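Asker: Next one to model:
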Amino acid sequence: MGTLKAVLRHPDDFYPLLKLKMAMKHAEKQIPPEPHWGFCYTMLHKVSRSFALVIQQLGPDLRNAVCIFYLVLRALDTVEDDTSIETDVKVPILIAFHRHIYDRDWHFPCGTKDYKVLMDQFDHVSTAFLELGKGFQEAIEDITKRMGAGMAKFICKEVVTVDDYDEYCHYVAGLVGLGLSKLFHASGSEDLAPDSLSNSMGLFLQKTNIIRDYLEDINEIPKSRMFWPREIWGKYVNKLEDMKYEDNSVKAVQCLNDMVTNALIHVEDCLKYMSALRDPAIYRFCAIPQIMAIGTLALCYNNIEVFRGVVKMRRGLTAKVIDRTNTMADVYGAFFDFSSLLKSKVDRNDPNAMETLSRVERIQKTCMHSGVLNKRKSYVTRNEHNYTLLVVMLFVILAIILANHNPNWPSK
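Answerer: Model (predicted):
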């Protein structure tokens, strides 16, 4: 019912949503028959349906490598995130995880729901990993080793400074960017990107997630794990959890805006990285999450709801991003549109307003200098005509089509 109401408010979401639904159905039918590969792709759909969709467009060898890379790091992240595991047990597992991926018999019970299934049956992931090409295996092992060591370091270390924050995000996400660049290169599809650009691709996504997930993370049971740096939040409140209380709403939003402004520093590197990609499937794989990140930041900026509930892009807008992201013109257009939305929300009285505006304007300047902004459709501004009747008619037509596929539908 919620989706229907959203479509009636945004009628132009209907077609992209329909295409997305059909694409997901198609992706779910592409599960390989081999038990270990079948498990891996089934788990991929369960832990990240959107990611499972975008990797389907990659070539077979690269698709398998990225699938296993994702699941290995998701398993590593599950160990790190499980706050019920004692530190003296968790740290050795994180440090040795890169060796466990070679062991078909290794598994470790932790996590919940689908993540518990992943960890209980990790032998399927190891079996699939051992079937990858040597170049893919070496890249995955290297990144897993470095990430595990970094996670172990921050189990016992608070994120105090902005440098700490960047270092933590490097370990848990920047290294993902480096690893993907290595996999793209090993596949023969792309040149090896500079580490600094690959790192920024990961940091931009990770910082967006950390900002968006404040309330979920601060309320985590049995104990919260937070990565907002004290150097930033300490300017506004005495304790990080104070920001979820209504009495601190003004300071909370100012801190939020400071965090968003910090994340924006990575955008120009991300645009540079994506503009160098040659393979269309790899380009879409990289570009779609980056557009989702700038869109999410635009929604989060100056938004007290970050401290009250869940702030995320509506499903129809997500479908549009997936449907429309094909060229750099689409990326520049999306970043220009969402940065313009963010800019419109800047309060001149905010303590970081000038720095926020400066970073947004640099992003807009980069997009404008691309010379292709006139070659895309807008994600933010939309035609305000009332298309509700058209949408209702489309639903009726769709219902008739579905009914005709029903064996109980009366024949002529």
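
Asker: Can you tell me the centre-most residue of the protein?
Answerer: In the chain, the residue lying closest to the centroid (CA atoms, centre = their mean) is Pro289, at 5.2 Å.

Asker: Just give me the neighbour total for the nearest residue to that one once chain neighbours are set aside.
Answerer: Spatial nearest neighbour of Pro289, chain neighbours left out: Leu205 (5.9 Å); criterion: CB to CB, 6 or more residues apart in numbering. From N, CA and C alone the C-beta is placed, and that goes for glycine too. Leu205 has 23 neighbours, counted by other CB atoms under 10 Å.

Asker: Following element in sequence after the helix or strand where Leu205 lies, please.
Answerer: Per DSSP states H and E, Leu205 falls inside helix 195-212. From helix 195-212 onward toward the C-terminus, using DSSP H and E, the following helix or strand is helix 214-218.

Asker: what's the average pLDDT for stretch 298-309?
Answerer: Averaged over stretch 298-309, pLDDT sits at 97.

Asker: which ones are touching Gly148?
Answerer: Counting by CB atoms under 8 Å, 6 or more residues apart in numbering, Gly148 makes contact with 76, 94-98.

Asker: Need the buried ones from those selected in PyMOL.
Answerer: Burial among the contacts of Gly148 is assessed by 16 or more other CB atoms under 10 Å; the matching PyMOL selection reads:
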select buried, resi 76+94+97+98
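
Asker: what's the closest of the contacts of Gly148 to Ile155?
Answerer: Nearest to Ile155 among the contacts of Gly148 is Leu94, at 7.4 Å by CB to CB.

Asker: That closest one: which element?
Answerer: Short version: Leu94 belongs to helix 87-100, going by DSSP H and E.

Asker: ranges for the helices of the stretch 251-400 of the chain?
Answerer: Under the criterion DSSP state H, counting those that start in this stretch, the stretch 251-400 of the chain contains helices at 267-275, 280-300, 315-324, 328-344, 353-369, 388-404.

Asker: and the nearest residue to Glu167 once chain neighbours are set aside, how many neighbours does it have?
Answerer: Spatial nearest neighbour of Glu167, excluding adjacent residues (CB to CB, 6+ apart): Gly150 at 7.7 Å. The number of residues packed near Gly150 is 19, by other CB under 10 Å.

Asker: quick one: Gly150 from Gly133, how far?
Answerer: Distance of Gly150 to Gly133, given as CB to CB, to the nearest Å: 26 Å.

Asker: Could you do Asp166 as well?
Answerer: 32 Å.

Asker: Pick out whichever of those two has more residues nearby.
Answerer: Asp166 (19 against 14).

Asker: Next up, the contacts around that one.
Answerer: Leu203.

Asker: any idea how far it is from Asn262?
Answerer: Asp166 is 9 Å from Asn262, by CB to CB.
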